[in-house]
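Student: Sequence plus the predicted model coming up.
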Amino acid sequence: MNHRQWKKNYKKQYGYNPPAYMDKRKRRKARAQQSLPCAGISVEQITQAMATFTEAVFTAAGNICNALAQAFSRQAQAFNAVADQYKDDKAGAIHGE
C-alpha cells in the first residue's frame, strides 16, 4: 500500500489525519529541515560574504603580482649591470686597453 492510500485509510478510520510521529513523510521533512546548515542565513549575508571573499582574493593576487614584479625588476637591473660590465670588458680587451 502506498503512502497516499495509507493516509486516506487512516483518515477514514479515525476521522483525522495521522499524527506527525506516525507519518513517515512528515518525520523525514522535519529531519531535513533540522539538518539545514544555513537555515538562519539571509541572501544578503551570503552575497556580502562572497563580495568580501572575492575582494580579499583579488587583493592577495595583486599583492603577489606586485611582489613578483619587484623581484624580477631587481633581477633585471642586476643582469643589466653584469651585461654592461661584460660589454665594457670585452670592448676594452678588443681595443687593447
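Tutor: On my side now, so go ahead.

Student: Residue nearest the middle of the chain, spatially speaking?
Tutor: F53 (7.7 Å; CA atoms, centre = their mean).

Student: helix/strand/coil for that one?
Tutor: With DSSP: H, G, I helix; E, B strand; the rest coil as the basis, F53 sits in helix.

Student: What pLDDT is listed against it?
Tutor: Looking at F53, its pLDDT reads 96.

Student: what sits against it?
Tutor: By CB atoms under 8 Å, 6 or more residues apart in numbering, F53 lies in contact with nothing. Backbone N, C-alpha and C define where each C-beta goes, glycine included.

Student: That one and A61, how far apart?
Tutor: In this structure, F53 and A61 are 13 Å apart, going by CB to CB, to the nearest Å.

Student: pull the helix or strand with minimum mean pLDDT from this protein.
Tutor: helix 24-34 (a mean of 84; mean pLDDT, DSSP states H and E).

Student: Run the chain-centre distance for that one.
Tutor: 30 Å (CA atoms, centre = their mean, to the nearest Å).

Student: Over to stretch 4-18?
Tutor: 48 Å.

Student: Tally up the residues packed near K87, please.
Tutor: 10 (other CB atoms under 10 Å).

Student: Do you know the pLDDT at it?
Tutor: On the pLDDT scale, K87 is placed at 83.

Student: That one: which element?
Tutor: Following DSSP states H and E, one finds K87 within helix 43-94.

Student: okay, now Y10: neighbour count?
Tutor: A total of 16 residues lie near Y10 under the criterion other CB under 10 Å.

Student: State the distance from it to R28.
Tutor: 17 Å.

Student: Likewise for I64?
Tutor: From I64 to R28 the distance is 48 Å (CB to CB).

Student: likewise G15?
Tutor: Using CB to CB, G15 is found at 25 Å from R28.

Student: Name the residue in those two with the higher neighbour count.
Tutor: R28 (10 against 7).

Student: need the contact list for the more buried one.
Tutor: With CB under 8 Å, 6+ apart as the criterion, no residue contacts R28.

Student: what does N17 give?
Tutor: Contact analysis of N17 by CB under 8 Å, 6+ apart lists 7, 10-11, 23.

Student: In PyMOL, select just the buried ones from these.
Tutor: Provided next is the PyMOL selection string for whichever of the contacts of N17 are buried by 16 or more other CB atoms under 10 Å:
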select buried, resi 7+10+23
